[in-house]
Every structure is written in C-alpha cells, then in structure tokens.
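Asker: sequence and computational prediction follow.
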Amino acid sequence: MNRAVSFFSAATFSTFALLSSSALSATKIGIVSAADPSVRIVGTDGAERQVTLGDTIYADDTIKTDGGGKAQLIFEDRSTITVNENSEIIIDHFIYDPASESGEMGMKSVKGAFRFIGG
C-alpha cells in the first residue's frame with residue numbers, strides 16, 4: 001500500500017511540475033491586432049496555428065506570413081510590429097514593467113520585412 005501511495009504521489013508531483021513549467025514558459029506578451037488568414041504562428045512546442053484576430057502572442061513564438069499575408073502585433077507596452085508578406089520573425093524575449101514603464105524586447109528577423117513602432 002505504501003508503495004502505491006508513493007508512486008501516486010511521485011506521479012502527481014511530476015505532472016504538477018510539468019504543467020507548472022509549461023505555464024511559466026508560455027508567457028503572454030501581446031496579441032494579434034490584425035492579420036490575414038494566411039498568417040501562422042509556430043509555438044515553442046512546434047505546433048503551428050492559423051492566426052485570428054485577438055490571438056495571444058507568447059515569448060519565443062515564430063510569426064510567418066506568405067505572399068498574401070500581413071499581421072500586426074500589439075505588445076503589453078503598446079509597441080507594435082507589422083509583419084509584411086513573405087516574412088518570418090521570432091520574438092525571442094519580451095520584458096516589461098508597467099510600474100516603471102520600462103522593458104526590453106529581443107527578436108530575430110529570419111526573412112522578409114517588418115515595421116516596429118515603440119510603445
């Protein structure tokens with residue numbers, strides 16, 4: 001009986017730790033404020049999703065557009081990025097402190113063009 005309880009406790013703890021680390025890594029940093037249907041986001045887990053208005057942007061997301069795609073992203077500090085056709089960007093990190101109104105963003109432009117307007 002003790003062995004079964006110990007296993008159950010260890011399994012429960014492992015599941016909780018896994019869920020907690022996933023929740024911590026999925027930090028909301030902004031939203032999609034405009035997008036064509038052909039815009040896609042690839043999350044850190046490799047899953048690709050088609051973008052719709054209001055979708056959440058998370059740290060480490062990759063935003064991809066094709067020949068007819070454009071997207072506008074608004075971040076927590078009210079800065080915006082417009083991603084043009086045939087482009088791909090990766091939002092490496094985003095840190096913002098609303099109390100001091102300061103922060104930083106790191107991103108990679110894999111291909112194409114984008115416009116950034118600070119918040």
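Answerer: All right, it came through fine. Numbers count the residues shown, from 1 in each chain.

Asker: what about Asp61, neighbour count?
Answerer: Asp61: 21 surrounding residues under other Cβ atoms under 10 Å. The way it works is simple: take the backbone N, C-alpha and C, and place the C-beta from them, glycine included.

Asker: which residues touch it?
Answerer: Ile41, Val42, Gly43, Thr44, Ile90, Ile91 (Cβ atoms under 8 Å, 6 or more residues apart in numbering).

Asker: ok, of these, which come out buried?
Answerer: By neighbour count, with 16 or more other Cβ atoms under 10 Å, these hold Ile41, Val42, Ile91 as buried.

Asker: so the second one touches Lys64, yeah?
Answerer: Yes. Using Cβ atoms under 8 Å, Val42 makes contact with Lys64 at a distance of 6.7 Å.

Asker: which one of the buried ones among the contacts of Asp61 is nearest Gly54?
Answerer: For the buried ones among the contacts of Asp61, the closest approach to Gly54 (Cβ to Cβ) belongs to Ile41, at 12.7 Å.
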